[in-house]
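>>> Compute the structure for the input listed below.
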Amino acid sequence: MAVEHRFVETNGVRLHCAVDGDGPLVILLHGFPECWYSWRHQIAALASRFRVVAPDLRGYNESDKPKGVDAYALPELVADVQGLIEAFGERQAVIVGHDWGGGIAWTFAMEHPEATRRLVVLNCPHPAVFVEHLRRNGRQMARSWYMFFFQVPWLPEGILRLGHAWAVGSAIRRSAVRQDAITTQDLDRLRDAASRPAAMRSAVNYYRAAFRSPDASAVWPDWLTRFLYGDRPPAAARRTLEDWPKITAPTLLIWGEADVALGKELTLGMEPLFRGPLDIKYVPLCGHWVQQEQPELVNGYLLDFLGDLAPAHAGTPLFPA
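Residues are numbered from 1 along each chain as shown. A predicted model of the protein is given here:
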């Protein structure tokens with residue numbers, strides 16, 4: 001069955017989606033700075049048993065690119081996923097996310113457990129764990145330098161789109177361990193997507209919106225929180241692992257061990273955040289782009305994890321209009 005490309009209206013934006021297969025709904029959420037095409041290997045593998053939907057996230061490639069930083073805040077991104085589930089006539093879906101798509105997936109599963117059949121995240125730490133490491137792990141803070149650079153107005157997106165988004169292709173190629181798995185033609189597809197008008201501005205706005213959120217103070221180092229607030233820090237800075245909503249859906253975390261931006265230690269100590277089963281699969285000799293660098297291995301993990309799912313029954317929408 002050939003991949004169908006369609007546009008779906010959701011949460012006030014129009015998202016381009018690659019759609020294939022029939023069966024239980026699986027939504028694949030890409031990361032920065034990619035597009036639906038980063039799931040090309042998984043769409044082909046899953047479509048024989050599942051209804052696979054791989055959107056370009058808002059701001060990316062062929063999807064709408066609303067203006068303003070607030071348009072890329074997590075509540076908007078989560079609402080986009082809600083709308084996709086309903087647009088395909090379902091009440092639940094398997095949510096799969098890589099990188100920024102993983103951040104959306106984690107949040108969706110916490111906020112909408114009733115709509116999350118299963119959760120799969122690839123090389124994206126649970127936000128609670130990431131916050132703790134940004135506050136106390138100097139090495140991870142250094143690895144995350146680009147997130148702080150992206151707070152500078154205009155300059156980051158200007159650099160990223162130079163030379164038909166040369167920096168995007170270069171960053172993906174250089175940070176991959178299995179560089180031969182991502183061909184020049186693959187990089188050209190990703191650079192084409194990144195070169196669309198306003199695409200890089202929108203992609204960088206994800207990071208700006210995250211830093212403007214009410215919870216942003218949670219990532220500040222302890223010394224800065226004490227300096228700014230003394231003995232009365234904001235609620236976000238006081239939150240512990242036990243305070244986060246628990247994930248009840250069966251969860252699979254797939255992690256390329258040689259990720260240059262996100263250390264393997266970000267996968268440790270997550271048990272208090274789950275009420276459902278958690279399985280972690282480590283992929284050695286693999287970088288951040290795990291589903292592109294090791295597609296056969298990732299596809300096998302996905303099919304094993306999802307193999308016993310029966311078709312869901314559509315019914316009354318879970319989400320209010």
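>>> Tell me where the stretch 51-200 of the chain has strands.
51-55, 93-98, 116-122 (DSSP state E, counting those that start in this stretch).
>>> For N11, which residues are in contact?
E76, A79, D80, Q82, G83 (C-beta atoms under 8 Å, 6 or more residues apart in numbering). Every residue, glycine included, has its C-beta placed from N, CA and C.
>>> what would those residues look like in JSON lines with neighbour count?
Shown next, in JSON lines, are the contacts of N11 (neighbours: other C-beta atoms under 10 Å):
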{"residue": "E76", "neighbour count": "16"}
{"residue": "A79", "neighbour count": "18"}
{"residue": "D80", "neighbour count": "22"}
{"residue": "Q82", "neighbour count": "20"}
{"residue": "G83", "neighbour count": "18"}
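>>> Please identify the most buried of the strands of the stretch 51-200 of the chain.
Greatest average neighbour count among the strands of the stretch 51-200 of the chain goes to strand 93-98 (a mean of 28), per mean count of other C-beta atoms under 10 Å.
>>> wait, what's in contact with K264?
Applying C-beta under 8 Å, 6+ apart, the residues near K264 are W255, E257, Y282.
>>> where in the stretch 101-250 of the chain is pLDDT low?
Along the stretch 101-250 of the chain, segments meeting pLDDT under 70 span 214, 216-239.
>>> before we move on, the earlier item: could you dump the strands of the stretch 51-200 of the chain into JSON lines with distance to L187 added?
As requested, those are exported to JSON lines (distance: least, C-beta to C-beta, whole Å):
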{"stretch": "strand 51-55", "distance to L187": "18"}
{"stretch": "strand 93-98", "distance to L187": "17"}
{"stretch": "strand 116-122", "distance to L187": "19"}
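>>> Among those, which comes closest to V152?
Nearest of the strands of the stretch 51-200 of the chain to V152, taken as C-beta to C-beta: strand 93-98 at 25.6 Å.
>>> hang on, the earlier thing: list just the nearest of the contacts of K264 to S48.
W255 (25.9 Å).
>>> how about the closest one, secondary structure?
Classification of W255 by DSSP: H, G, I helix; E, B strand; the rest coil places it in strand.
>>> That one and P245, how far apart?
Relative to P245, W255 is positioned 22 Å away (C-beta to C-beta, to the nearest Å).
>>> which of these two has more neighbours?
W255 (21 against 13; other C-beta atoms under 10 Å).
>>> Pull the contacting residues for the more buried one.
L122, N123, K264, T267, I280, K281, Y282, V283, V290 are the contacts of W255 under C-beta under 8 Å, 6+ apart.
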